[in-house]
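**Student:** okay, predicted coordinates and the sequence, questions at the end:
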Amino acid sequence: MRRFIPFIKSPPLVSVLRLQGVIASGTRGTLNDQALAALIQKAFTKGKPDAVALSINSPGGSPTQSSLIAARIRRLAEEKDVKVYAFVEDVAASGGYYIASAADEIWVDRHSITGSIGVISAGFGLSEFISRYGIERRVYTAGKSKSLGDPFRPEKDEDVARIKALQEHIHKGFIDHVKTRRGERLNGEMELFDGSIWVGDEAVETGLIDGVAHLVPKMKEVFGDKVQLRPYAMKKPFFARFGASVIGDAIVEVEDRAAFARFGL
């Protein structure tokens with residue numbers, strides 16, 4: 001209420017936007033632009049915050065959703081003239097780092113994992129398996145590339161080349177984003193974009209982060225001990241809170257665990 005009383009100076013306000021989980025489109029409980037749009041809007045506008053702090057814990061996921069979320073954060077930061085700080089918990093890798101680099105400063109715990117600036121796609125080859133059991137695969141397409149990477153057919157060199165070309169295109173966009181956001185802070189003498197990861201203050205030398213610091217003490221250091229922190233986080237759907245979506249939630253949890261497990265978490 002003090003913020004609305006004339007002549008009384010209000011303490012600084014920092015919105016804390018928690019971004020936890022895998023980045024994916026259309027899946028309940030994951031991070032995506034549609035699910036986060038209203039939350040991000042509130043974080044930048046409610047109470048006219050002095051800054052927005054991103055509390056990130058994500059192993060990555062969809063490059064498109066990562067880009068959309070990062071772009072929304074930057075649009076609002078510039079529109080409202082609000083500085084953005086990112087604080088990494090366990091991991092901000094791949095798409096998680098893409099979002100983190102939308103911030104003006106990136107701070108990590110000494111055990112946090114950052115980096116993995118690359119693109120990956122994986123699958124299985126099952127053509128020999130179905131052949132062994134006498135299963136015939138029938139696919140009809142209009143367009144020679146329509147069945148690109150079909151796991152039930154032998155791998156084709158031209159399919160692999162096409163997939164790698166697509167990956168290179170996405171990878172270049174990722175690199176351009178990081179270079180634009182981090183600028184001269186990046187270490188030009190190090191290989192930063194080969195998918196490598198760094199732990200804690202190892203990443204300081206790369207220029208991918210600004211240092212080791214935790215959210216509350218850092219915000220007090222910047223804005224003073226009286227700073228107010230206002231949290232924003234995604235909420236579970238109403239029925240999910242009462243166990244009505246146990247199977248779906250369990251699947252999301254398994255996928256989350258698998259993604260984090262790539263980094264030993």
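**Tutor:** Perfect, I can see it now.

**Student:** and the helices in the stretch 1-150 of the chain?
**Tutor:** 33-45, 63-80, 95-100, 127-132 (DSSP state H, counting those that start in this stretch).

**Student:** which strands or helices does the first one pack on?
**Tutor:** Going back to what we said before, that points to helix 33-45. strand 13-20, helix 63-80, strand 228-232 (3 or more C-beta pairs under 8 Å, 6 or more residues apart in numbering; DSSP states H and E). In short, each C-beta sits where N, CA and C put it, glycine included.

**Student:** cool, the longest one as well?
**Tutor:** Contacting helix 63-80 under the criterion 3+ C-beta pairs under 8 Å, 6+ apart are the following elements: helix 33-45, strand 51-58, strand 83-93, helix 95-100, helix 157-182.

**Student:** buried deepest among those, which one?
**Tutor:** Here the criterion is mean neighbour count by mean count of other C-beta atoms under 10 Å, and of the helices and strands packed on helix 63-80 the winner is helix 95-100, at a mean of 29.

**Student:** give me the nearest residue to Arg72, chain neighbours excluded.
**Tutor:** The shortest distance from Arg72 to any non-neighbouring residue, by C-beta to C-beta, 6 or more residues apart in numbering, is to Ile40 (5.5 Å).

**Student:** residues contacting the one you found?
**Tutor:** Leu17, Ile69, Arg72, Ile73, Leu76 (C-beta atoms under 8 Å, 6 or more residues apart in numbering).

**Student:** OK, contacts around the first one?
**Tutor:** This means Leu17. Taking C-beta under 8 Å, 6+ apart as the criterion, Leu17 is in contact with Leu39, Ile40, Ala43, Val52, Ala53, Leu54, Ser55, Tyr232, Ala233.

**Student:** quick one: the third one and Met234 touch, right?
**Tutor:** No - counting by C-beta atoms under 8 Å, Ala43 does not reach Met234; the two are 11.9 Å apart.

**Student:** quick revisit: list buried residues within the contacts of Ile40.
**Tutor:** Leu17, Ile69, Arg72, Ile73, Leu76 (16 or more other C-beta atoms under 10 Å).

**Student:** of those, closest to Val160?
**Tutor:** Minimum distance to Val160 across the buried ones among the contacts of Ile40 is 30.2 Å, recorded for Ile69 (C-beta to C-beta).

**Student:** pretty sure Tyr97 sits against Ser112.
**Tutor:** No - contact criterion C-beta under 8 Å: Tyr97 and Ser112 do not qualify, at 10.6 Å.

**Student:** what lies in contact with stretch 191-200?
**Tutor:** 93, 108-118, 120, 171, 174-175, 178, 186, 206-208, 212, 263.

**Student:** now it: average pLDDT?
**Tutor:** Averaged across stretch 191-200, pLDDT comes to 96.

**Student:** for it, measure first residue to last.
**Tutor:** End-to-end span of stretch 191-200 (C-alpha to C-alpha, to the nearest Å): 18 Å.

**Student:** list the buried residues for it?
**Tutor:** Buried-residue list, stretch 191-200, by 16+ other C-beta under 10 Å: Leu192, Phe193, Ile197, Trp198, Val199, Gly200.

**Student:** which pair of those spans the longest distance?
**Tutor:** Phe193 and Gly200 (20.1 Å).

**Student:** quick one on the thing from earlier: single out the most deeply packed of the helices and strands packed on helix 33-45.
**Tutor:** Stretch with highest mean neighbour count among the helices and strands packed on helix 33-45: strand 13-20 (a mean of 21; mean count of other C-beta under 10 Å).
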